[in-house]
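Asks: Have a look at this fold, sequence not included:
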């Protein structure tokens, strides 16, 4: 046919006729192209329909190998989980309390130190000199106290002497008073004698000489009495003088006692200055106030530090024991308070890369305020940290155990899948097909999900191979023997199957 068309074209080309219109030629070519395209589409659609029919048939006959597990019941802990932050129970920034040059550093950065361990020493020569000066001042003022006491003792002796003189003069007054009384009696007797003998003389019974003698005796007694009175007055004047002297001596003693008290006060002040200097000297040696781990040492030998500087020499953080702070929703607070009444609650922490070895601790603190911005409340657990695995600032997974739930329904965590309508599992039916069953998971513990709603204990569920399943799919439960045979079969026939696919593809086309 092609040959005939070629002859016709040749004949037409040599005939002396006018050439065909270019527009008609273009229409003919366009029609041929459209016919060819429609034919190609028809062939491709038929092949696709054939492939789809073949694949759906294969799917209906496909059996998916899966791994299954049994839904069981067991006692599981009721727990709350949160992200925790490790923090030191006590962190101390070591700052110098005295100025000076560092002459000794007795630990290394990162070293564990004990309470009371010597960390730094400062140059203490100025403090030592100040102590010696203060000791000299105290000794001088103590001598002043002793001198004041000696003066007091001397003045007390004068007081005693004044008292003795007063007592002696009081005795003299009493003696003069006794003499006066005696002389008064004699004067009275002499006057009586003089009066009687004067009467007798007037009667002529006695001579004038006798009468005058008794008058003289009476006058002498009167003079003696006057002398006694004057002696008593003198003795009383002396006694008054003795009392004044005693009073003055007492005042001197009181002055001495005040001087002693003042000297003792000066000594106490000096002693306080001495003690303060000793305290300043003690600041030249810096000791660890707590057990803990030393951080970076920010000074070296020879550096001069200032008292109460804002830059610490080193920071010590307590790591044994240590604390972990974490927060839980405020809705869980009533549960925590309820179970805390039964005793201390257990807190376990794990690291993100090591969930198999939890570190145990106990709940030690529940904050007194709920954070309004997050709706959570802070809890803190205490941990012995004997191995030193926990460091301040670390983030860990904290698990607070409240109580235990008996006969809880559990499934392996890998059996639970996420879908557009929530979580679900594939339950194996007796005819070896699977059914998509929604589940409600309350918690996950050691690779097991606690199911509140869903499959029942004794049901078999798929734990591996869910990606190829839909509800109603046929399955085959894999065993250890079947898996090894399947792997050997795939290894032996893989090359042959790979060679057959191009042949089948060529047939379809």
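Replies: Received it, and whenever you're ready, just let me know what you need. Note that the structure is a prediction, hence the values are computed from the model and not measured.
Asks: a helix runs through residue 192, doesn't it?
Replies: Yes. Membership of residue 192 in a helix is supported by DSSP: H, G, I helix; E, B strand; the rest coil.
Asks: How many residues are close by it?
Replies: By other Cβ atoms under 10 Å, the residues close to residue 192 number 12. For the C-beta atoms, the positions are set from N, CA and C on the backbone; glycine is no exception.
Asks: what about it, distance to residue 179?
Replies: According to Cβ to Cβ, to the nearest Å, residue 192 stands 20 Å off from residue 179.
Asks: How about residue 380?
Replies: Per Cβ to Cβ, residue 380 is found 101 Å from residue 179.
Asks: Would you mind telling me which of the two has more residues around it?
Replies: residue 380 (19 against 16).
Asks: List the contacts of that one.
Replies: For residue 380, the contact set (Cβ atoms under 8 Å, 6 or more residues apart in numbering) comprises 87, 323, 324, 325, 326, 363, 364, 365.
Asks: Among those residues, which pair sits farthest apart?
Replies: Greatest spatial distance among those (Cβ to Cβ): 87 and 363, at 14.9 Å.
Asks: More neighbours: those two, which one.
Replies: Taking neighbours as other Cβ under 10 Å, residue 87 and residue 363 compare with residue 363 leading, 19 against 16.
Asks: which phi and psi does that one have?
Replies: When quoted as degrees, to the nearest 10, the phi and psi of residue 363 stand at phi -70, psi 120.
Asks: now swap in residue 384 and tell me
Replies: phi -60, psi -40.
Asks: before we move on, what about residue 469?
Replies: The phi/psi pair for residue 469 (degrees, to the nearest 10) is phi -110, psi 150.
Asks: Number of residues surrounding residue 377?
Replies: Residue 377 has 18 neighbouring residues, counting by other Cβ under 10 Å.
Asks: Check which helix or strand it maps to.
Replies: strand 376-383 (DSSP states H and E).
Asks: with the contacts of residue 380 in mind, which one is nearest to residue 336?
Replies: residue 363 (7.8 Å).
Asks: The closest one contacts residue 379, correct?
Replies: Yes. Residue 363 is within contact range of residue 379, at 6.2 Å (criterion: Cβ atoms under 8 Å).
Asks: by how many degrees do whichever strand in the chain runs longest and strand 376-383 diverge?
Replies: Counting residues, the longest strand found in the chain (DSSP state E) is strand 395-412. Interaxial angle, strand 395-412 versus strand 376-383 (axes from the mean of the first three to the mean of the last three Cα atoms, to 10 degrees): 100 degrees.
Asks: Show me the strands in the stretch 101-250 of the chain, by range?
Replies: Ranges of strands within the stretch 101-250 of the chain are 112-113, 118-122, based on DSSP state E, counting those that start in this stretch.
Asks: Buried residues in the last one, which are they?
Replies: By neighbour count, with 16 or more other Cβ atoms under 10 Å as the criterion, the buried positions of strand 118-122 are 119, 120, 121, 122.
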